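Engineer: Pasting the sequence and the predicted coordinates here, then a few questions.
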Amino acid sequence: MLLTIIVLDSVGVGELPDAAAFGDTGAHTLNHTLAAAPAALPNLAALGLGRVPTVQTSPGGLPETPEVRGGYGRMREVSPGKDTSTGHWEFMGVQLQHPFQVFPEGFPPAVMDRFDAATGRGHLCNRPYSGTDVIRDFGPEHLETGAPIVYTSADSVFQIAAHEDVVPLDTLYAWCAAAREILQGEFAVARVIARPFRGVFPFERANEHRRDFSLVPPPTVLNAIEDAGRSVVGIGKIPDIYADRGITESIHTDNNADGIAKTLARMRRAAQADESGLIFTNLVDFDAKFGHRRDPAGYSGALAEFDAALPELLAAVPEGGALLILSDHGNDPTWRGSDHTREYGMLLAYRPGIGAVDLGERATFADVGATAAEALGAQWTGPGESFWTLLT
Ligand SMILES: O=P(O)(O)O[C@H]1O[C@H](CO)[C@@H](O)[C@H]1O
Ligand SMILES: [Mn+2]
Ligand SMILES: [Mn+2]
């Protein structure tokens, strides 16, 4: 049995009931993207995306689809956060009781003094910033001094931007590893992120060399699947998000097109070998290249790119297999600021021969992991209610 899960990072489907606590009342990544930059998305519509509550199907939204052949629904996130780590850990059965720490005033001297000692240089910035603005505003000084640019956001992240000609990649990754060691206990942030950039002012981000250094998660459904003797193939950011725990094979990707191509190839290889396991992919461009940049046209183009590849992905699902398409939070590109938005996760499902299946409103993202465990015969007694029987 081959299960493939693809996360469309940040493609939220409307404010969660507690969105007000995050300042996100009214956010709707999918609707607002398509209203600002229309795209038909016929293949996502045919899976039932237009039937997910609040998703717009009138003009400026998805097309009406007479025949839906897929499972569709939306998912509540119970963990108190709207970042990638919180969402992906909850997918796989970890419901956080407390939010990851955030540092809206920047990181204290107790952290920065140790970080400076580890790099042997000073640092620049050390406050919340958009990652493209921060290299524009601090890049010239960084080129002169060689000091790393440190910044954060509404999320629990310690980000280090450095020019590839000033700080070699392996040095930047070593600085991230040093920061990861420092940022534990009372200073534990969910992720340290390497943000290399290149070129001349205002510079260009080297997204393909980004690396996330995550906290180690508690035991997840991925561990249970591995313990059941199944493969767990992490594609894109997935291995980083789970700190390589419960991952049996990692495949790096440069962008969404590369992630789609590598997922397709791995699905075909698994089907030929009659391999039983999970292929778990994160497509990050929606979030990193367009959501945080408040670029609805770019966001819409990325959705259209994925939609165009969907027929091949569906055709690669072997008999008896399944494909789930999810999202882990919102990042409404028409919203104020440059941060994520607190939204329902998208849930779409496909199996060869499936009809129209309403998967309803899931009480937690953890239903995904409970379903994956049941589908793959793994033992999981943690949070989440499986919807596997709705797909069989
Ligand atoms: O502005 P950039 O560098 O894309 O950073 C964004 O990426 C981080 C992880 O999604 C977010 O917390 C936000 O800070
Ligand atoms: Mn994300
Ligand atoms: Mn993000």
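Structural biologist: The structure has been received and is ready for your questions. Numbering: from 1, shown residues only. Ligands and ions are numbered 1, 2, ... in the order given.
Engineer: Distance of residue 16 relative to residue 125?
Structural biologist: 31 Å (CB to CB, to the nearest Å). The C-beta positions use only the backbone N, C-alpha and C, and glycine is treated the same way.
Engineer: go on, residue 7?
Structural biologist: 30 Å.
Engineer: likewise residue 6?
Structural biologist: Relative to residue 125, residue 6 is positioned 34 Å away (CB to CB).
Engineer: Residue 16 and residue 125 - which one has more neighbours?
Structural biologist: In this view residue 16 and residue 125 are compared by other CB atoms under 10 Å, and residue 16 has more residues nearby, 25 against 20.
Engineer: Need the phi and psi values for that one.
Structural biologist: Main-chain dihedrals, residue 16, degrees, to the nearest 10: phi -80, psi 160.
Engineer: Kindly report the same for residue 350.
Structural biologist: Here is the backbone geometry of residue 350 (degrees, to the nearest 10): phi -140, psi 140.
Engineer: is it true that it touches residue 316?
Structural biologist: No: if you go by CB atoms under 8 Å, residue 350 and residue 316 don't touch, sitting 10.6 Å apart.
Engineer: Comparing the two, which residue is more hemmed in?
Structural biologist: Neighbour comparison, residue 350 and residue 316: the larger count goes to residue 350, with 24 against 20 (by other CB under 10 Å).
Engineer: separation between the residue nearest to the more buried one when sequence neighbours are not counted and residue 82?
Structural biologist: Residue nearest to residue 350 in three dimensions, not counting chain neighbours: residue 323, with 4.5 Å by CB to CB, 6 or more residues apart in numbering. According to CB to CB, residue 323 stands 25 Å off from residue 82.
Engineer: Roughly how far does the residue in the chain that ligand 2 sits nearest to sit from ligand 1?
Structural biologist: Across the chain, no residue is closer to ligand 2 than residue 84, which sits at 3.2 Å (CB to the ion). Note on residue 84: its distance to ligand 1, by CB to the nearest ligand atom, to the nearest Å, is 6 Å.
Engineer: Can you tell me the closest non-neighbouring residue to that residue?
Structural biologist: Spatial nearest neighbour of residue 84, excluding adjacent residues (CB to CB, 6+ apart): residue 328 at 5.8 Å.
Engineer: Kindly report the same for residue 85.
Structural biologist: Nearest non-adjacent residue to residue 85, counting by CB to CB, 6+ apart: residue 190, 4.1 Å away.
Engineer: which residues in the stretch 251-392 of the chain form strands?
Structural biologist: Secondary structure of the stretch 251-392 of the chain by DSSP state E, counting those that start in this stretch: the strands cover 277-283, 322-326, 345-350, 356-362.
Engineer: In TSV, list those along with distance to ligand 1.
Structural biologist: Listed next are those as TSV, based on distance: least, CB to the nearest ligand atom, whole Å:
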stretch	distance to ligand 1
strand 277-283	11
strand 322-326	16
strand 345-350	15
strand 356-362	23
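Engineer: May I see those organised as CSV, with mean pLDDT and distance to residue 26 added?
Structural biologist: Output for the strands of the stretch 251-392 of the chain, formatted as CSV (pLDDT from 0 to 100; distance: least, CB to CB, whole Å):
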stretch, mean pLDDT, distance to residue 26
strand 277-283, 98, 26
strand 322-326, 99, 23
strand 345-350, 98, 18
strand 356-362, 98, 19
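Engineer: Flag every residue of the chain that's near ligand 1.
Structural biologist: Residues of the chain lying close to ligand 1 by CB under 6 Å from any ligand atom are 84, 130, 131, 153, 155, 157, 159, 195, 287, 288, 292, 338.
Engineer: Distance check, the fourth one against residue 387.
Structural biologist: So the one you mean is residue 153. For residue 153, the distance to residue 387 - CB to CB - is 33 Å.
Engineer: where exactly do the helices run in the chain?
Structural biologist: 29-36, 42-46, 84-91, 109-119, 131-145, 169-182, 221-227, 238-241, 256-272, 285, 296-315, 367-376 (DSSP state H).
Engineer: Now tell me what touches the fifth one from outside.
Structural biologist: Applying CB atoms under 8 Å, 6 or more residues apart in numbering, the contact partners of helix 131-145 are 121-122, 124-125, 129, 147-149, 151, 159, 161-163, 166, 195, 197, 201-203, 205, 292-293.
Engineer: likewise the fourth one?
Structural biologist: The set of residues that contact helix 109-119 without belonging to it, under CB under 8 Å, 6+ apart, is 107, 122, 123, 126, 148, 150, 175, 178, 179, 182, 183, 187.
Engineer: Nearest residue to the third one in space, please, no chain neighbours.
Structural biologist: Once its chain neighbours are removed from consideration, residue 123 has its nearest residue in residue 150; the separation is 4.8 Å (CB to CB, 6+ apart).
Engineer: For the one you found, give me the pLDDT.
Structural biologist: We have a pLDDT of 98 for residue 150.
Engineer: try residue 66
Structural biologist: On the pLDDT scale, residue 66 is placed at 80.
Engineer: thinking again about what came up before, so for the residue nearest to residue 84, what's the pLDDT?
Structural biologist: pLDDT, read off for residue 328, is 98.
Engineer: Over to residue 390?
Structural biologist: Residue 390 is given a pLDDT of 98.
Engineer: Also residue 320?
Structural biologist: On the pLDDT scale, residue 320 is placed at 96.
Engineer: List the contacts of it.
Structural biologist: Contacts of residue 320 by CB under 8 Å, 6+ apart are 1, 2, 352.
Engineer: For the stretch 201-350 of the chain, which residue gets nearest to ligand 1?
Structural biologist: Nearest to ligand 1 in the stretch 201-350 of the chain, going by CB to the nearest ligand atom, is residue 292, at a distance of 4.0 Å.
Engineer: how close does that residue get to residue 84?
Structural biologist: Plainly put, residue 292 is 12 Å away from residue 84 if you go by CB to CB.
Engineer: of those two, who's got more company?
Structural biologist: Using other CB under 10 Å, the more surrounded residue of residue 292 and residue 84 is residue 84, with 27 against 20.
Engineer: The more buried one touches residue 237, doesn't it?
Structural biologist: Yes: at 7.2 Å, residue 84 counts as touching residue 237 under the criterion of CB under 8 Å.
Engineer: Find the residues that touch each one of the two.
Structural biologist: Common neighbours of residue 84 and residue 237 (CB under 8 Å, 6+ apart) are 9, 282.
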